[in-house]
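[1] Got a sequence here, can you model it:
(5 chains, ligands or ions: 4)
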Amino acid sequence: MSLDVRDLTVHYRTLRGDVHALDGATFSVADGEIMGLAGESGSGKSTLAKSLIRLDARMKYVGGTVELDGARLPVDDQDAMVPFRFHRVSLIPQYAMSALNPTRRIGRLITELLESRGVRAAGLREELHRRLDQVGLSADVLRRYPIELSGGMKQRVVMVLSTLLDPSLLIADEVTSALDVSTQRAVAEALVGFRDRGHVTSMIFVTHDLSLAHQIADTVLVMYAGKPVEKAATRTVIDRPRHPYTRMLLSALPEVGVTYAEKRLAGIPGHPPALLAPPTGCRFKDRCPLAAAECDEEPPFAEIAPGHRVACWKAG
Amino acid sequence: MRRYLARKIFVYALTFFAAVTINWMIPRFMPGDPVRTMLGRASLSDPGAAEAMRAYYASLFGLDLPVWQQYLNFWGSLLRGDLGTSVWLFPTPVTEVLLGAVPYTLALLVPAILLSWVAGNRFGAFAARSRWLDNTVLPLGYILTATPYMWLGILLAWSLGIVAGVFPIAGAYGFALQPEWSWPFVSSLAAHWFLPFLSLFLVAFGGWAIGMRNLIIYELDADYSGYLEALGAPRRLVRRYAFRNAVLPQLTGLAVQLGTIVAGALLTEIVFAYPGLGNLVLQAVNNRDFFLLQGAFLFIVIGVLIANFIVDVVYVLVDPRTRTQMQGGRA
Amino acid sequence: MLELRGLTKVYRVGAFGGERLHAVRDVGLTVHPGEVVSLVGESGSGKSTIGRMVLGLAPPTAGTVVYAGTDVARLRGHRRRKNYYREVQGVFQDPFSCFNPVFTADRVFALIRAEYFPRATDPEWRRRIAACLDTVRLDPAQVLGKYPHQLSGGQLQRLLIARALLLDIRLLVADEIISMLDASTRIDVLNLLGDLKARGLGILFITHDLSLGTYISDTTVILRRGRIVESGATTAVFDHPVHPYTRRLLASVPRLHRTWAQADADLAAAGDGGGCLGCARHPGGGHPPVEVAEGHLVGCFDDSA
Amino acid sequence: MTAIEPAPAERRWGESLHFARRNPKLIAGTAVIAALLLTGVVAPLFIEEGPNVYVGPQGQPPSAEYWLGTTNFGQDVFAQFAHGLRATFLVGLIGGGIAAAVGMAVGFTAGYRGGLADEALNMVTNIVLVLPALVVLIIAAAYLEARGILVQGVFIGLTAWPWVARAVRAQTLTLATRDFVDLARLSGRRGSSIVFREIAPNMSSYLFMTFILLFGGAILTAAGLDFIGLGPTQGVSLGLMMHNAVVWGALQLGMWWWFVPPGLGITAIVGSLYIMNVGLDEVFNPRLREL
Amino acid sequence: GDGGSGGYPREETLYTTGAQWGPPNNWNPIMNWAYTTGTAGYVYEPLFLYDPQQDEYVPWLAESGEWTGEDTYEVTVRDGVQWSDGTPLTAADVVFTAELGKMESVPYHNLWEWLESAEAVDDRTARFTFSDPRHQEWANWIYANPIVPAHLWEDRSEQEVTAASNEDPVGTGPYLYETHSEDRMVWAENDAWWAREQLDLNVAPSYIVDIVSTSNEVAQGLLLQNDIDLSNNFLPGIDQVLNGGSGISSYYAEPPYMVPANTAWLVPNTERAPMDDPAFRRALAHSVDVAQIIEGPYGGLVEPADPTGLLPIWDDYIDTATVEEHGFGHDPAEAETLLADAGYEDTDGDGLVETPEGDPVELTLIVPSGWTDWMEAARIIAEGAQAVGIDVTADFPDEPALRDARETGEFDLLLNNERQMSNTPWTYYDYIFRTPIQERQTTTNFGRYDNGDAWELVQELSRTPVEDTGAMQETIAELQEIQLTDMPLIPLWYNGMWSQVSNETWTNWPSSADGDPHHLPTTWRNYNQLGAVLTLTEIEPAG
Ligand SMILES: Nc1ncnc2c1ncn2[C@@H]1O[C@H](COP(=O)(O)OP(=O)(O)OP(=O)(O)O)[C@@H](O)[C@H]1O
Ligand SMILES: Nc1ncnc2c1ncn2[C@@H]1O[C@H](COP(=O)(O)OP(=O)(O)OP(=O)(O)O)[C@@H](O)[C@H]1O
Ligand SMILES: [Mg+2]
Ligand SMILES: [Mg+2]
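    Numbers count the residues shown, from 1 in each chain, chains lettered A, B, ... in the order given. Ligands and ions are numbered 1, 2, ... in the order given. Next up is the predicted model:
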């Protein structure tokens, strides 16, 4: 068991009250697993990703536990988290384009960061070059400033840097959303390559695009309104989704070849609930065609088949 | 990079041209013609003598030529370093008068600017560190920048000079001394220099501290800081990066603020009767010596231009971003 | 109805505009009433620039945009431009940035009213808006009087379409209007465009997502570095891509039922060596657009240019 | 949703008000300004004689009768202070107002028009920026035979605008790339109304803060001019009071009540304006709020 | 202060300030409006000194001088006087100096309007022959103008004479140029000064450091800190210090403390109505509350002027009977009566009078902006005038503008005090009455008062020998009669010869007290010729 998250709850403090952006997430990621984390915008994907490594000033840890490789990850204590960061848990942020200090040469930045974490940079130089090579960058980039690189290059530099210490868990938050299809593919495949070579043990790959998750993830966790609604092996989620939300989401995806004239697809009516005061019970019930009285009670995130969990009364 | 500097130099050249032209206009389009000022002071009661003297001075100042020729001559003599003759200190050349004063002004300005900039930036970065410092010390910074230069000068002169009698409050060095490399002279020079320097320093210091504090907050909030923290970088490193990046806009700020600080130096010199450009400007105004005034103006503008240029060059050297943009690369 | 001929756009960048950037080069295409033309290409290929030129927001460096027989670049004067915008409108990628955040969302309607219908009475105007909102399937009560942040991206995007429909438009330039939307709302907007097309509207549909391109478009134009590399009927282009770039794009599209590996395998199975199929007939590396099938054109350009 | 965070108006104003009420900097700054403004507006109404009338004994320290003492000639320092506040606020208003107007006009035009207009205006801005304002003002003031607060304000305004123009230009440039500007053009709007009705409202808080800084700057500049003796030839201002106090030997004679209040007044006004500005920044700018 | 260590020994150095307002840059005695303080007096010396207190001409470079005929005057130059380069002073130097005046741009060019020739009869005798023997004016010239060395100056062009800074001054006086910098001028004692032997005079300070004034208040600070021994600045509020036993003293121990040095006049433009009406001018004169000016801005540092405006040194020339009859003082009631009698009534009920023709009276009194004491005075004058119904407002244009208005006659009322103390009241009457009126009145008669008879009298006075006080008094009485009835100018107060000294380092300063010397303790321009230089021979180290 690489990562084990139990009831993790994180809120955002705002003027009007707490935004329940992550409300009791329970899931686990196995060694070597790439877990796709999918869901609509605002469903809490980034919140989950961030809370596993560093809560920002606006975020408030409310409850739950995280275990990494059998040891408790002190996500509630930012100072205690420091030793874990980079070494054990690492992140490729959503803002990879602007993640590098614009006034430092990349090589120097990496050296300084490593030294500050007590790692001798010289010892890692060769490995660094090798990994840059793996993602198709020449060692030359180390002498350049971030501004001199294209978006895709920066993305890959961040990727290499984040995984340099072979973390157990890598969180990649929408790392490809801003790229066009061919670059997106290259980056995504590079990530898989990292896992295959053991640079990272397991990975959470955040995306809003299920078809992209399908390309590289072993399992997919679908979130809705701050809660996980379904987790299963990727094929299972794509081919035999059990949660009505997942199903509707998939049916709304146009595929190459499908045309309006031939097959008119339908979206999901309605809106996700406001997370300031989330409704009780199942959060999808207002938009769910199957909703019934029992949905007023919150469905458990139950395992209905091995490795397949769904939070729906009707899924059973 | 070369193109960037070329462009800058072009702007500076244009500014210089505009300044010189304005400058040339000063004595010519001001009320109270300089020749009449001279005559007035010579108190000639005889109309004939007055007329003769008038013609004499008019030709001396070159005011009897057609306007366009005056303008060209002005450029000509300017390039020879000749700024004309002072009316007030007739017949001393303006350049000579100014060169006597410039060292004092520079002696105040250069250390005040550099030290306040360095100290203000350090302090601002330091204050942004804690809520407590931020709330107690920074208001002080605001008060300091809001203080009129001369008022701070007055307060210092009054409290430390007149009441406490610790510092002298007039002149550049003791009146009993002659410039020489001796301990009494140097210490006297320093004692006279200190208060005007201090008031300049303090006001400017406040401004830099606040600027830095605001910038560093933005920098600490920037994505790259967040990334560093997510990778567990110690606050020291994050702050160092933030500081370095925040210093860059402060450098530009230096260029923008230069004029204000120079103005502050002029006012401070007046308060402390420090024999620099400020006092000259004041006397030039009081004595309607527009040739001196234009000379002082030109000196100051050139000084500010040079300083601006230095800042620009330094900026290019320290900020990689400008360099790439200059190469036409896209951000 | 809309015809682009030899459209070229060169931006001057760098200090003093010393560098030139060829954003669009020699692009020609037509949009007929009731036709959806997809403009597909990677980021920076010049799609938006074409859209902006069509909308008269950027003057072309060379070539012409001809709409209903008139050259758009020649539409000098406020009145003429207004008349053009009465028939041609645009909707942009980012619905949030299309609304002025300090005003309520329906200000976009008010602007149209102020410029085009200054004499409309309030009830008349309300009726008109209601009709348009109905077309885009929005409930007036839900969207009017609200600030942009109180509405979802899909709602905002639909408001923008409704805004365009207030005028009797004949042509809509839709620049990546769905890429910012969630999968669940995307399809609604696409369906809406489909409905409009059915009513005879010509649509220039700009996207970098090929899978969306096929859903409603009749014609697909693939753009690369400002040039058209392949164009033709959507089905033709997707089913029989000729240019290697098109094929590479298609293979990179993440699809639900086919992984990248499978796509590569398929290509390999088809014996695709990665060359341009058009070049088979025009050897010698690079050729101007040629017709490989009816209405299916392929251009092969030297990349170094 | 991607990185673009909407800056929603209603919530913004509502939140702004919320934070404004809770922001000690803003409250303190506003309170001081209000108090001084009130003094400047109201107190002169109760002072029957003008500020320059000899009303009492000469050179008296503060007392119950003369709150801030009297000058060498027996003028009431408080009366001068109150009138001076008025003049000082006026100069700030005129100078700041004109600088803001010119700076915005130039900034908006340069930023929105772009191209040649931008190049030219940029050049002008850079030139004026580099010329040391006070020296230019000294010359301009020396040029005038009779100087009033109004003219002083106008002159100050005409030299203080360049950095505003720069800042507004930069802001306009970013805002002009926002799609709603293009959309307004598609709605048949003219350039000028796009600038003033679409772009400017988005910068309102920024523009307001700019004005505050200009206001304070104008006051300081005016004080400097007054101090050199190039202040208004009629009337009182705080700078002129300082000038008079110094000229009449208040320092040497230890008449602190003569030279402390005007300087303190200026510092209080400008300092409060600056602090208000930080307060406003914190109110409008969510990123600064937690600090 | 920190002046104690190093440099010039404090007890041998005299620190002065108040005359030099800009960096020292000019040691040319011909440019008498621009030379560095001390150039005339310390370095270049005149033939005579004039002691105004004693009304005495003190032979200086001249051993004697007398009118040898109706039109001729002969000077005998002192024997054994040497220029500081060792060359002896001769009559040729005197003649040369006078002849410099033939250059148009030399300030005393108009000397040659009435001087016919100057010649050196022998080494020690110079003879002047006059076309118009103006005794008073000549007496003035002969002490006011220092002699320059012919052997160094004779090759100089007009420009070098009148517009060069003459660095390296070579004179005959008690001091030599030592050094100068931006803010000071240092003079060192001339050990070879002729007066040591010949007159047994010795200047006490080995050094004089004259500090450039940047402002009065700075001078005040320096004086109070004993960094300065003699300050010739106007120091408002100094009376508080003088009374405080601080070692600072002035000429008089009681108000006005200062020696009256010139008269401040209210100048009405007599070419403009209603100032062209003597009755109106008289009424205006009665409205001015001089006492309030003296108490207010001046804090008692000045005295009200005599109705004739003559300085106290000229008390003997005041015709008391005339003053008795026509004199005036602050008397609002009288002013109102005078106005009413002359037909100035308030016809429209605004509290302000109109002219007999019914035109409104709206007058502006101008003084230069920044001249704070005068600005205050102007306000008080305006208030006084308002109080009697004359609408006067004070306005403060810039000095050049004011000067221009003054010269061209584009003004209603102004203040002026440009005539200083001198050897004869003739200089005052010249100032008041000189005609014909020029397009520009640059130095005299700013009010453009045109009275040919009066000017005849002034010229007559000019020709009266200076010893003939009786004749002078007669002519002056007639002038005073005209002056007091016609009121071309309204005298207000005597400006002081601002002078405050510190007794810390130097004592025995001149004062009015018995036993103290009586010379003028000042460094002001042209006052050395009035005997101020003698102060230096009388002060004593305090130590
Ligand atoms: N700083 C914040 N303050 C208040 N609420 C926030 C903040 N950040 C995010 N939220 C809210 O928390 C919820 C979850 O946000 P989160 O960023 O985790 O979503 P996401 O699934 O990553 O969406 P996206 O696909 O847009 O990145 C949303 O409703 C969002 O509005
Ligand atoms: N105003 C401009 N000035 C200079 N260059 C520009 C400008 N607008 C666009 N460009 C450049 O022109 C090229 C084409 O840009 P365009 O926006 O048309 O691409 P796009 O295909 O729409 O890309 P995306 O998918 O990212 O929107 C790009 O290289 C871009 O940087
Ligand atoms: Mg996210
Ligand atoms: Mg685009």
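
[2] Which residues are in contact with the residue nearest to E:Trp506 when sequence neighbours are not counted?
    Closest residue to E:Trp506 in three dimensions, ignoring its sequence neighbours and counting by Cβ to Cβ, 6 or more residues apart in numbering or on different chains: E:Ile539, at 4.6 Å. Heads up, the C-betas are built off the backbone N, CA and C, glycines and all. Contacts for E:Ile539 were tallied using Cβ atoms under 8 Å, 6 or more residues apart in numbering or on different chains; they are E:Leu14, E:Ala204, E:Pro205, E:Trp506, E:Thr507, E:Asn508, E:Trp509.

[3] cool, and B:Gly84?
    Applying Cβ under 8 Å, 6+ apart, one finds that B:Gly84 lies in contact with B:Phe61, B:Gly62, B:Ser77, B:Pro93, B:Val94, B:Phe291, B:Gln294, B:Gly295.

[4] Pull up the per-residue confidence for the last one.
    If I follow you right, that is B:Gly295. With respect to pLDDT, B:Gly295 has a value of 87.

[5] For it, the count of nearby residues, please.
    Applying other Cβ atoms under 10 Å in any protein chain shown, we find 29 other residues in the vicinity of B:Gly295.

[6] got it, and the one 4 residues further on?
    B:Phe299 has 21 neighbours, counted by other Cβ under 10 Å.

[7] does stretch E:320-333 come close to chain D?
    No. Under the criterion of Cβ under 8 Å from any Cβ of the partner chain, chain D is not reached by stretch E:320-333; the shortest gap measures 15.6 Å.

[8] Distance of whichever residue of chain D sits closest to ligand 2 relative to chain B?
    In chain D, the residue found nearest to ligand 2 is D:Thr177; the distance is 8.1 Å by Cβ to the nearest ligand atom. Separation of D:Thr177 from chain B (Cβ to the nearest Cβ, to the nearest Å): 14 Å.

[9] next one: D:Asn23
    As judged by Cβ to the nearest Cβ, D:Asn23 and chain B stand 12 Å apart.

[10] which residue packs closest to that residue, ignoring adjacent ones?
    Using Cβ to Cβ, 6+ apart, the closest residue to D:Asn23 is D:Gly279 (4.6 Å).

[11] Is that neighbour part of a helix or strand, or is it coil?
    helix (DSSP: H, G, I helix; E, B strand; the rest coil).

[12] Quick check, the residue in the stretch 151-300 of chain C closest to ligand 1?
    For the stretch 151-300 of chain C, Cβ to the nearest ligand atom, closest residue to ligand 1: C:Asp182, 8.2 Å.

[13] Would you state the helices of the stretch 1-150 of chain D in chain order?
    Remark: helices assigned in the stretch 1-150 of chain D by DSSP state H, counting those that start in this stretch are D:9-22, D:24-46, D:77-113, D:115-130, D:133-143, D:149-160.

[14] okay, and the helix or strand of chain C with the least pLDDT?
    strand C:287-293 (a mean of 76; mean pLDDT, DSSP states H and E).

[15] Could you check how far stretch A:245-265 is from the centre of its chain?
    25 Å (Cα atoms, centre = their mean, to the nearest Å).

[16] what's the answer for stretch C:247-260, then?
    Distance, centroid of stretch C:247-260 to centroid of chain: 22 Å (Cα atoms, centre = their mean).

[17] hang on, the earlier thing: am I right that the residue nearest to D:Asn23 is in contact with D:Val32?
    No. At 11.8 Å, D:Gly279 does not count as touching D:Val32 under the criterion of Cβ atoms under 8 Å.

[18] still on that earlier bit, wait, what's in contact with the residue of the stretch 151-300 of chain C closest to ligand 1?
    Shown in contact with C:Asp182 (Cβ under 8 Å, 6+ apart): A:Glu40, A:Ser41, A:His208, C:Gly153, C:Gly154.

[19] how about 7 Å then?
    Residues near C:Asp182 by Cβ atoms under 7 Å, 6 or more residues apart in numbering or on different chains: A:Glu40, A:Ser41, A:His208.

[20] and of these, the nearest to ligand 2?
    A:His208 (17.8 Å).

[21] Give me the neighbour count for the closest one.
    20.

[22] Can you tell me the SS state at it?
    Classified using three-state DSSP, A:His208 is coil.

[23] before we move on, the earlier item: out of the contacts of B:Gly84, who has the most neighbours?
    In these, the most neighbours by other Cβ under 10 Å go to B:Gly295, 29 neighbours.

[24] centroid residue for the chain?
    No chain in the question, so chain A it is. A:Val206 (2.9 Å; Cα atoms, centre = their mean).

[25] Not quite, go with chain D.
    D:Phe215 (0.4 Å).

[26] list the contacts for it?
    D:Gly92, D:Leu93, D:Gly96, D:Leu273.

[27] How much space separates it from D:Tyr206?
    With distances taken as Cβ to Cβ, to the nearest Å, D:Phe215 is found 15 Å from D:Tyr206.
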